[in-house]
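S.K.: Quick one, fold the following:
(one chain, ligands or ions: 1)
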Amino acid sequence: MVNEKVKVAVNGYGTIGKRVADAVSLQGDMKLIGVTKTKPDFEARIAVKKGYKLYAAIPDRVEVFERAGLSVEGTIDDLLEKADIVIDCSPGKIGAENKQKYEKAGVKAIFQGGEKAEVAEVSFNALACYDRAVGKNYVRVVSCNTTGLTRTLYIIKENFGIKKVRATMIRRVVDPKEDKKGLVNGIMPNPVSLPSHHGPDVQTVLDVDITTVAFKVPTTLMHVHSLNIVPEKEPKVDEIVDAFEKEPRILLFSENEGFTSTTKIIEWSREIRTRYDIFENCIWKDSISVVDGEIYLTQAIHQEAIVIPENIDAIRAMFELKDRDESMKLTNKSLGIGEIVP
Ligand SMILES: NC(=O)c1ccc[n+]([C@@H]2O[C@H](COP(=O)([O-])OP(=O)(O)OC[C@H]3O[C@@H](n4cnc5c(N)ncnc54)[C@H](OP(=O)(O)O)[C@@H]3O)[C@@H](O)[C@H]2O)c1
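M.R.: Predicted structure coming up:
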């Protein structure tokens, strides 16, 4: 495969799939060869308008596309024949069902955080465990909340060590496009009993003692995490800030610059990014504190965007194209990460 671009298929052109497709198109060492949809709606038409080759995710639905006046290039099976790797961005749990197709076609596959860890050989976060995915055939990029927690904890662990973490996740109830479900006027412990699945999920990519609780709230923009970390070595606040400032996938926002809530962070991104995608962790600088030797901080995570760079890095690891730092650098540059800081 030397000098050849990796041929990438995206199965499921939804919230994550459309962003992965756009990101793959920006890489010099990858080629997007097609995307799939189950139905010929406006999102399918936009994919075609962008020049993406459209395939039917469910083979017997080709006719449904044809009847809607939207011709497809073939089915997922035809797409897999041409692909080196498929990024499965189908709804949670469907990826595991799709896996047998990928095995049959002999293509590598990346799954998303809605799948159980067992779907893949390894779970993935670029900063914490890039090397684990090197040369692998099946990799799972952990969920948005887990990615956000892992990046921050990795930086703290590398610099100060970690004895223990307690984290509270305040989760956006659904994505902005959703109109079939939601939580209109309540706060839902999710789950009621401890722990939420996020702590164990972090442990699939980072060796750390962590307990998490989570709540769903009626907002669609971002998740917010409140972290309490007991470090091995007590840091000064400035040292923590310095450590975060060195990592481009983490941004620091200040209340006195007007960043008083997630709405303001999103408003900032609406000025600079397509779809207001924030690929970075958004930590409130003013929230970083050390009290009785323990670190406290609050971060916001744009759930629709944060896992996109990780999917790109996972492809490079699986095809052994670059090492961690080189891959992250390329991905960051292509997505504008590190270009504009608040
Ligand atoms: N959204 C987030 O905030 C977020 C963040 C991180 C990770 N994730 C994970 O990413 C995965 C995708 O989530 P999403 O939010 O992008 O979902 P989504 O917006 O509902 O998109 C799912 C896509 O999959 C397609 N699809 C449906 N059934 C399929 C099948 N059998 N085979 C292939 N494709 C199929 C759908 O096509 P049609 O529309 O044509 O039916 C749709 O394009 C999940 O594992 C989720 O947990 C989501």
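
S.K.: Spell out which residues sit in contact with the residue of the stretch 201-342 of the chain found nearest the ligand, please.
M.R.: Closest contact between the stretch 201-342 of the chain and the ligand, by C-beta to the nearest ligand atom, is at Gln303 (3.5 Å). No exception for glycine: its C-beta is placed from N, CA and C like everyone else's. Gln303 makes contacts with Cys144, Asn145, Arg172, Asp175, Met222, His223, as judged by C-beta atoms under 8 Å, 6 or more residues apart in numbering.

S.K.: go on, Glu81?
M.R.: Taking C-beta under 8 Å, 6+ apart, we find Glu81 in contact with Ala105.

S.K.: Which positions in stretch 240-250 come out as buried?
M.R.: Neighbour counts using 16 or more other C-beta atoms under 10 Å place Ile240, Ala243, Phe244, Glu247, Pro248, Arg249, Ile250 of stretch 240-250 among the buried residues.

S.K.: Could you confirm the residue of the stretch 201-342 of the chain closest to the ligand falls within a strand?
M.R.: No. Looking at Gln303 with DSSP: H, G, I helix; E, B strand; the rest coil, it is coil, so not inside a strand.

S.K.: where's Ala96, which helix or strand?
M.R.: helix 94-105 (DSSP states H and E).

S.K.: which residues touch the longest strand along the chain?
M.R.: For the chain, the strand with the greatest residue count under DSSP state E is strand 162-172. Residues outside strand 162-172 that contact it (C-beta under 8 Å, 6+ apart) are 145, 149, 153, 156, 190, 196, 198-199, 208-217, 219-232, 303.

S.K.: now that strand, how far from the centre of its chain.
M.R.: On the basis of C-alpha atoms, centre = their mean, to the nearest Å, strand 162-172 sits 18 Å off its chain's mean C-alpha point.

S.K.: how about that strand: buried residues?
M.R.: Within strand 162-172, the residues scored as buried using 16+ other C-beta under 10 Å are Ile162, Val165, Arg166, Ala167, Thr168, Met169, Ile170, Arg171, Arg172.

S.K.: mind checking how far Val184 is from the ligand?
M.R.: In this structure, Val184 and the ligand are 19 Å apart, going by C-beta to the nearest ligand atom, to the nearest Å.

S.K.: And the next helix or strand past the helix holding Ala96?
M.R.: strand 108-111.

S.K.: other SSEs contacting that following strand?
M.R.: Strand 108-111 sits against strand 85-88, helix 94-105, strand 138-141, helix 308-318, with contacts defined as 3 or more C-beta pairs under 8 Å, 6 or more residues apart in numbering; DSSP states H and E.

S.K.: one step back: the longest strand of the chain and the ligand in contact?
M.R.: No. Figure legend: strand 162-172 not in contact with the ligand (C-beta under 6 Å from any ligand atom); closest approach 7.8 Å.

S.K.: Within range of the ligand, give me the residues from the stretch 201-342 of the chain.
M.R.: Contact residues, the stretch 201-342 of the chain versus the ligand (C-beta under 6 Å from any ligand atom): Gln303, Glu304, Val307.

S.K.: one step back: can you name every helix or strand that the helix holding Ala96 contacts?
M.R.: Judged by 3+ C-beta pairs under 8 Å, 6+ apart, helix 94-105 is in contact with helix 76-82, strand 85-88, strand 108-111.

S.K.: Off-centre distance for that helix?
M.R.: On C-alpha atoms, centre = their mean, the centre of helix 94-105 falls 21 Å from that of its chain.

S.K.: and what of stretch 76-89?
M.R.: Taking C-alpha atoms, centre = their mean, the mean C-alpha location of stretch 76-89 is offset from the chain mean by 20 Å.

S.K.: What of stretch 91-101?
M.R.: Mean-position distance between stretch 91-101 and its chain equals 18 Å (C-alpha atoms, centre = their mean).

S.K.: before we move on, what about stretch 32-49?
M.R.: Using C-alpha atoms, centre = their mean, the offset of stretch 32-49 from its chain centre is 21 Å.

S.K.: Next, the distance between the ends of that stretch.
M.R.: End-to-end span of stretch 32-49 (C-alpha to C-alpha, to the nearest Å): 15 Å.

S.K.: same question, stretch 240-250
M.R.: Stretch 240-250 has an end-to-end distance of 12 Å (criterion: C-alpha to C-alpha).

S.K.: Note down every partner strand of whichever helix or strand comes after the longest strand of the chain and its orientation.
M.R.: As assigned by DSSP H and E, the chain's next helix or strand after strand 162-172 is strand 188-189. Strand 188-189 sits in its sheet next to strand 210-217 (antiparallel), going by DSSP bridges.

S.K.: then the strand it pairs with to CSV, C-alphas only?
M.R.: These are the backbone C-alpha positions of strand 210-217, laid out as CSV (Å, rounded to 0.1, in the frame of the first residue of the first chain):
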residue,chain,number,x,y,z
ILE,A,210,-12.5,6.3,38.1
THR,A,211,-16.1,6.5,39.3
THR,A,212,-18.7,8.3,37.2
VAL,A,213,-22.3,9.5,37.6
ALA,A,214,-24.4,10.9,34.8
PHE,A,215,-27.5,13.0,34.3
LYS,A,216,-29.4,13.8,31.1
VAL,A,217,-30.7,17.4,30.8
